[in-house]
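Undergrad: Following is a predicted model, sequence given first.
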Amino acid sequence: MSTSPYSREAVLAFHAGGKVSMRLTKPLKTQNDLCLAYTPGVAHAVKEIAAAPARVSDLTAKSNLVAVVSDGTAILGLGDLGAAASIPVMEGKAVLFKAFGDVDAWPVPLGRSRLGGLDTGRTDPKKIIDVVAALAPMYGGINLEDIAAPACFEIEDTLDAMLDIPVFHDDQWGTAVITLAGVMNYCLLCGRAISDLRIVINGAGAAGIRIADMCKAAGAVELTLCDTKGVISADRADLNDHKRRHAVRPGPKTLSDALKGAHVMIGVSSADCVSADDVRSMAEYPGIFAMSNPDPEIRPDLVAAALAGKPYVMATGRSDYPNQVNNVLGFPFLFRGALDVRARTINTAMKVAASQALAQLARQPVPADVQAVYAREALSFGPGYIIPKPFDRRLFVEVSYAVAEAAVTSGAAPADTDLAALRASLEARNAARC
């Protein structure tokens, strides 16, 4: 039997019985408790909500509860394995929500969400939209997960417009928020403004398209998106609406052509699709974000050899290399901030604010307790440390507050929100959780 802590046997034993359960927030030990929790007392809460629907957030778990919704069409890097197979990942997401953001979350796997009514084949966006809209009254937010493109775009956009609670597809936006934070700090290290960068993104699925959106929202101008057929240019007739938004004038045809002279390569595609020659053809002091998992577009050791001591920034999606682009740095705190101010959506301003807060946190001295968790790494701002670590407890306050503040200033949350009180509350809660 394998002795690896991540062996099949160890992982299955860890998952036995599931990873989430329900906890009670009120006592249920006496007859009086029972009368308060259920009949006859519960009728008062029912009538109060019926008379003033906004009170549902005060009198139920709604204000801190997120539904983690998937149809299992794009599970991790494993593909379309169905709703039941998605449950361990959705439970894992709920665990991360609670552990990092103190957000209660519950898995909502959706079977029978496919075209034709079978649990095979392509996602039927309307079915998922209808089901999520129907279950929304219980939740303060909806986290969409592992739903394949292009259906995921329509599902998120429609639900976000339809509902008065945040709807967030982490596969689209999570990686984009963290990547932008890394690009912001790359700019600081190499002395370039984001508006001056030539950025090439390889991979035009949900993550790649939203990374492009986020980079442009932050000021990027010259950005080239590539898919399996090469550069997405305006003369191609095979583009969907989201790709067409980022189409460039006809010119370079291949990824290798596009990388010549580029400052930043962002990969959310496939292993080993970038060569050492591609890296050498990039501009001086390149930023290479090779985030395909488990194997990156180009390995860090190959980049180091190709650049032979020249300055560069390297990031991947793996925890065993520096600068891991890890979505857990984003979604728990995006929802924490949004829920705390009762935001109606998680808009672009809130996402950019999260990126800025992450970038700024990586520039600060790292507390001793965080350094102790990562004893093998020197956590000091520079090419090897441009993104904070997930176990940095400061994330709970700094990113959540930045999101909440952006929600208020952008109009996504009530203008009379007491932000000073919110920050004090976050700091107190964070201290209590340490």
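TA: Received, thanks. Numbers count the residues shown, from 1 in each chain.

Undergrad: Show me where the stretch 1-150 of the chain has its strands.
TA: Using DSSP state E, counting those that start in this stretch, the strands of the stretch 1-150 of the chain run over 65-70, 104-109, 141-144.

Undergrad: In terms of secondary structure, what does the shortest one contact?
TA: So that's strand 141-144. Strand 141-144 sits against strand 65-70, helix 151-162, strand 167-169, helix 170-190, helix 331-340, with contacts defined as 3 or more Cβ pairs under 8 Å, 6 or more residues apart in numbering; DSSP states H and E. Placement of C-beta: from N, CA and C, glycine included.

Undergrad: Over to stretch 210-223 now: how far is its first residue from its last?
TA: In stretch 210-223, first residue to last residue: 13 Å (Cα to Cα, to the nearest Å).

Undergrad: So which bits of that stretch are buried?
TA: For stretch 210-223, burial by neighbour count (16 or more other Cβ atoms under 10 Å) applies to 210, 211, 212, 213, 214, 215, 216, 218, 220, 223.

Undergrad: Leaving out chain neighbours, which residue sits closest to the last one?
TA: By that I understand residue 223. residue 199 (4.6 Å; Cβ to Cβ, 6 or more residues apart in numbering).

Undergrad: try residue 267
TA: Among residues not flanking residue 267 along the chain, residue 297 sits closest, at 3.6 Å (Cβ to Cβ, 6+ apart).

Undergrad: tell me the SS of that neighbour?
TA: Counting by DSSP: H, G, I helix; E, B strand; the rest coil, the backbone at residue 297 sits in coil.

Undergrad: what's near enough to touch it?
TA: Contact analysis of residue 297 by Cβ atoms under 8 Å, 6 or more residues apart in numbering lists 202, 265, 267, 269, 270, 271, 272, 273, 274, 290, 291.

Undergrad: got the contact list for stretch 182-191?
TA: The contact list for stretch 182-191 (Cβ under 8 Å, 6+ apart) reads 193-194, 197, 199, 215, 218, 263-264, 266, 285, 287, 289, 311, 313, 315, 323, 325, 355-356, 359, 362-363, 381-383, 386-387.

Undergrad: List the buried residues for it?
TA: 182, 183, 184, 185, 186, 187, 189, 190.

Undergrad: per-residue confidence at the second one?
TA: At residue 183, the predicted lDDT confidence score is 98.

Undergrad: which non-adjacent residue is nearest the residue nearest to the spatial centre of the chain?
TA: In the chain, the residue lying closest to the centroid (Cα atoms, centre = their mean) is residue 174, at 1.8 Å. Excluding the flanking residues, the one nearest residue 174 by Cβ to Cβ, 6+ apart is residue 327, at 3.6 Å.

Undergrad: Equivalent analysis for residue 344, please.
TA: Nearest residue to residue 344, sequence neighbours excluded (Cβ to Cβ, 6+ apart): residue 164, at 5.1 Å.

Undergrad: doesn't that neighbour fall inside a strand?
TA: No: counting by three-state DSSP, residue 164 falls outside a strand, being coil.

Undergrad: and it, how many neighbours does it have?
TA: Counted by other Cβ atoms under 10 Å, the residues lying close to residue 164 total 10.

Undergrad: if we can go back for a sec, from the buried residues of stretch 182-191, which single one is nearest residue 91?
TA: Of all those, residue 91 sits closest to residue 182, with 28.4 Å by Cβ to Cβ.

Undergrad: For that closest one, give its distance to residue 59.
TA: Here the criterion is Cβ to Cβ, to the nearest Å. By it, residue 182 lies 42 Å from residue 59.

Undergrad: Also residue 428?
TA: 23 Å.

Undergrad: all helices of the stretch 201-350 of the chain, in order?
TA: Shown for the stretch 201-350 of the chain, the helices assigned by DSSP state H, counting those that start in this stretch span residues 206-217, 241-244, 255-259, 276-280, 300-307, 331-340, 348-362.

Undergrad: How much space separates the nearest residue to residue 295 once chain neighbours are set aside from residue 378?
TA: In space, residue 295 comes closest to residue 271 once its chain neighbours are excluded; the distance is 3.5 Å by Cβ to Cβ, 6+ apart. Residue 271 sits 28 Å away from residue 378 when distances are taken as Cβ to Cβ.

Undergrad: any weak-confidence spans in the stretch 51-200 of the chain?
TA: Applying pLDDT under 70 to the stretch 51-200 of the chain picks out residues 112-121.

Undergrad: Between the two ends of stretch 359-367, what distance do you get?
TA: End-to-end distance for stretch 359-367, by Cα to Cα: 16 Å.

Undergrad: How far away from the center of its chain is it?
TA: 20 Å (Cα atoms, centre = their mean, to the nearest Å).

Undergrad: can you list the domain ranges for the chain.
TA: For the chain, the structural domains run 11-165, 191-316, 327-433, going by automatic domain parsing.

Undergrad: pLDDT on the last one, on average?
TA: Looking at domain 327-433 alone, the average pLDDT works out to 96.

Undergrad: Ok, stretch 25-39 next?
TA: Stretch 25-39 comes out at a mean pLDDT of 94.

Undergrad: And that stretch, what's buried?
TA: For stretch 25-39, the neighbour count (16+ other Cβ under 10 Å) marks residue 36 as buried.

Undergrad: end-to-end on it?
TA: By Cα to Cα, the extent of stretch 25-39 from end to end equals 18 Å.

Undergrad: contacting residues around it?
TA: 41, 42, 61.
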